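Peer 1: Starting from these lines, generate the structure:
(one chain, ligands or ions: 1)
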Amino acid sequence: MRAVDIIIKKRDGKELSREEIEFFVNGFVRGDIPDYQVSAWAMAVLLNGMTDRETTDLTLAMAHSGEILDLSGVVPIAVDKHSTGGVGDKVTLVVLPIVAGCGLAVGKMSGRGLGFSGGTLDKLESIPGYRTNLSKQEFLTQLKEIGIVLSGQSADLAPADGKLYALRDVTGTVPSLPLIASSVMSKKIAAGAHAIVLDVKTGVGAFMQTLEDARKLARLMVNIGKLSNRRVVAVISDMNQPLGFAVGNTLEMLEAIETLQGGGPADFREHCLVLCSHMLVLGNMASTLEEGRAMAEKSLDGGAAWKKFRKLVQTQGGDVSYLDDVSKFERASLIETVRAPRSGYLLAVNAKEVGEAAVVLGAGRAKKGDPIDHAVGVIIHCKVGDRVEQGEPLFTIHANDATKLAEAKDRLLRAHQWSEQPCPPLPLFYDVIAD
Ligand code: URA
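Peer 2: Presented below is the predicted three-dimensional model:
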């Protein structure tokens, strides 16, 4: 077999066999197939797509490119969640402690932000000392002892995804349905959870811009999970406007802390509770979504979730005094609130533009490995459907550089679109896909 023949076959829109896919993935991981050939292949996949069978074979080949964790010896049932990426998506920070507070073990390996979408690891590192590089043994021990782990992706798990994602990021091949499905599910299968809730985002601030594509991606990932004996449910949620109000690492951590203490934005709290209900049902803790929701509310409002979060931060080396006194978090030097330039109803708060404004300020990375500024970001004050009067606060920029602040302000003003007529709020969820 030759890599070039596999590239040509996909370029010509033909279906690859399992053997060809395994040859390609294994050759790439071993270093026998160079980056330029893999890049050409990824572009052919993006342009010509893959059948569900090919995507499943690709996922399994990527999952088996490294170690597969077995959590069965550690906890009776472990659940995980994964979001396909969004703006203001600090859901993991709240959902994991709520679920763990109900007694269901949650072990998650999260990623860093890339482009306009944020990453949980960067948000966690706004707490000084928090370790995101746990070893496999530390991950397993902590899961067993405290029932909650939130760390970075171990290099031994699905190494094909780590290598391929880095190439996709610089070759314009991220927004491909088979490549996203295999990337997400190979990691999830390798990380060993028995049950997985997928949060598939759709809208202007998501990789899947249409509901139809988001449904296809969700269905495919659920089916792949089933083939690997994992229980998977996918919710399809809105990413046309940011989730909650805060965008930026420390700002999102503060919003997550506020939510874990019983406050926080209503849309964000609701989103978290819905995800928790699904996780509790999949993890056999609740028999219906209503029961799951009641358990999640009790964990959140009764303080169990907050206690779990403190324990998580403490166990992973984070300075818990920051949780007790949030004024200790480092803040940006320039904070400016921008007021509504007109009166009207908000038709759009473009999530992609808001995410990109946060990247301009330094909250995100243009490329992998770039440093980030934890303190900077944006707080939006209004959501789609709100009636806003001229002069009311519209958004607040947290910056450490006046030029960047001015650029972000232009983008954010453009992100807000107005209507003379009342317009409905955006839904939080569009669909649920289960097997
Ligand atoms: N999230 C992932 O883990 N992989 C992708 O390809 C896209 C989003």
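Peer 1: List the contacts of whichever residue of the chain sits closest to the ligand.
Peer 2: Closest approach between the chain and the ligand, counting by C-beta to the nearest ligand atom: Ser183, at 3.4 Å. All C-beta spots, glycine's among them, are computed from the backbone N, C-alpha and C. Applying C-beta atoms under 8 Å, 6 or more residues apart in numbering to Ser183 gives the contacts 62, 161, 164-165.
Peer 1: how many neighbours does the closest residue to Asp386 other than its chain neighbours have?
Peer 2: Leaving aside its chain neighbours, Asp386 sits nearest to Leu346 (5.0 Å; criterion: C-beta to C-beta, 6 or more residues apart in numbering). Using other C-beta atoms under 10 Å, Leu346 has 22 other residues around it.
Peer 1: Would you mind writing the CA trace of stretch 249-261 as PDB?
Peer 2: In PDB, the C-alpha atoms belonging to stretch 249-261 read as follows (Å, rounded to 0.1, in the frame of the first residue of the first chain):
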ATOM      1  CA  ASN A 249     -10.500  32.900  30.900                       C
ATOM      2  CA  THR A 250     -10.600  34.600  34.400                       C
ATOM      3  CA  LEU A 251     -14.000  36.200  33.600                       C
ATOM      4  CA  GLU A 252     -15.500  32.900  32.700                       C
ATOM      5  CA  MET A 253     -14.000  31.200  35.800                       C
ATOM      6  CA  LEU A 254     -15.600  34.000  37.900                       C
ATOM      7  CA  GLU A 255     -19.000  33.400  36.200                       C
ATOM      8  CA  ALA A 256     -18.600  29.600  36.800                       C
ATOM      9  CA  ILE A 257     -17.800  30.300  40.500                       C
ATOM     10  CA  GLU A 258     -20.900  32.500  40.800                       C
ATOM     11  CA  THR A 259     -23.000  29.800  39.200                       C
ATOM     12  CA  LEU A 260     -21.700  27.100  41.500                       C
ATOM     13  CA  GLN A 261     -22.600  29.300  44.400                       C
END
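Peer 1: now it: mean pLDDT?
Peer 2: For stretch 249-261, mean pLDDT rounds to 97.
Peer 1: from the chain's centre, how far out does it sit?
Peer 2: Distance of stretch 249-261 from the chain centroid (C-alpha atoms, centre = their mean, to the nearest Å) equals 16 Å.
Peer 1: and if you look at stretch 78-93?
Peer 2: 4 Å.
Peer 1: quick one, strands of the stretch 1-150 of the chain?
Peer 2: Assigned by DSSP state E, counting those that start in this stretch, the strands in the stretch 1-150 of the chain fall at 78-83, 105-110, 148-152.
Peer 1: go on, the stretch 201-350 of the chain?
Peer 2: Using DSSP E, counting those that start in this stretch, strands in the stretch 201-350 of the chain cover 231-238, 246-247, 334-339, 344-349.
Peer 1: Does anything pack onto the second one? Which helices or strands?
Peer 2: The criterion is 3 or more C-beta pairs under 8 Å, 6 or more residues apart in numbering; DSSP states H and E, and the helices and strands that strand 246-247 contacts are helix 249-260, helix 351-361, strand 377-380.
Peer 1: repeat that with 6 Å
Peer 2: Strand 246-247 is packed against strand 377-380, with contacts defined by 3 or more C-beta pairs under 6 Å, 6 or more residues apart in numbering; DSSP states H and E.
Peer 1: Please identify the pairing partners of the strand it packs on and their relative orientation?
Peer 2: strand 246-247 (antiparallel), strand 393-399 (antiparallel) (DSSP bridges).
Peer 1: Contacts for it, please.
Peer 2: If you take C-beta atoms under 6 Å, 6 or more residues apart in numbering as the criterion, strand 377-380 is touched by 245-248, 251, 349, 357-358, 363, 395-398.
Peer 1: Just the buried ones among the residues you listed, please.
Peer 2: 245-248, 251, 349, 357-358, 363, 395-398 (16 or more other C-beta atoms under 10 Å).
Peer 1: Which residues of the stretch 201-350 of the chain lie near the ligand?
Peer 2: Proximity of the stretch 201-350 of the chain to the ligand, by C-beta under 6 Å from any ligand atom, involves residues Phe207.
Peer 1: Please identify the most buried of the strands of the stretch 201-350 of the chain.
Peer 2: Most buried of these, by mean neighbour count (mean count of other C-beta atoms under 10 Å): strand 246-247, with a mean of 31.
Peer 1: Run a quick neighbour tally on Asp199.
Peer 2: With other C-beta under 10 Å as criterion, Asp199 counts 26.
Peer 1: now do Gly377
Peer 2: Gly377: 29 neighbours (other C-beta under 10 Å).
Peer 1: Can you check the pLDDT for it?
Peer 2: pLDDT, read off for Gly377, is 97.
Peer 1: so how far is Leu254 from the closest residue to it other than its chain neighbours?
Peer 2: Leaving aside its sequence neighbours, Gly377 sits nearest to Gly248 (C-beta to C-beta, 6+ apart; 1.4 Å). Here the criterion is C-beta to C-beta, to the nearest Å. By it, Gly248 lies 10 Å from Leu254.
Peer 1: Export the strands of the stretch 201-350 of the chain to TSV and append columns for distance to Val222.
Peer 2: As requested, those are exported to TSV (distance: least, C-beta to C-beta, whole Å):
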stretch	distance to Val222
strand 231-238	5
strand 246-247	29
strand 334-339	42
strand 344-349	30
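Peer 1: Which of these sits closest to Tyr430?
Peer 2: Among the strands of the stretch 201-350 of the chain, strand 231-238 comes nearest to Tyr430, with 4.6 Å by C-beta to C-beta.
Peer 1: tell me the pLDDT at Ser135?
Peer 2: Confidence score, pLDDT, at Ser135: 89.
Peer 1: meant to ask about Asp161
Peer 2: Model confidence at Asp161 (pLDDT) stands at 92.
Peer 1: Same check on Gly192?
Peer 2: Confidence score, pLDDT, at Gly192: 89.
Peer 1: How about Gly385?
Peer 2: We have a pLDDT of 98 for Gly385.
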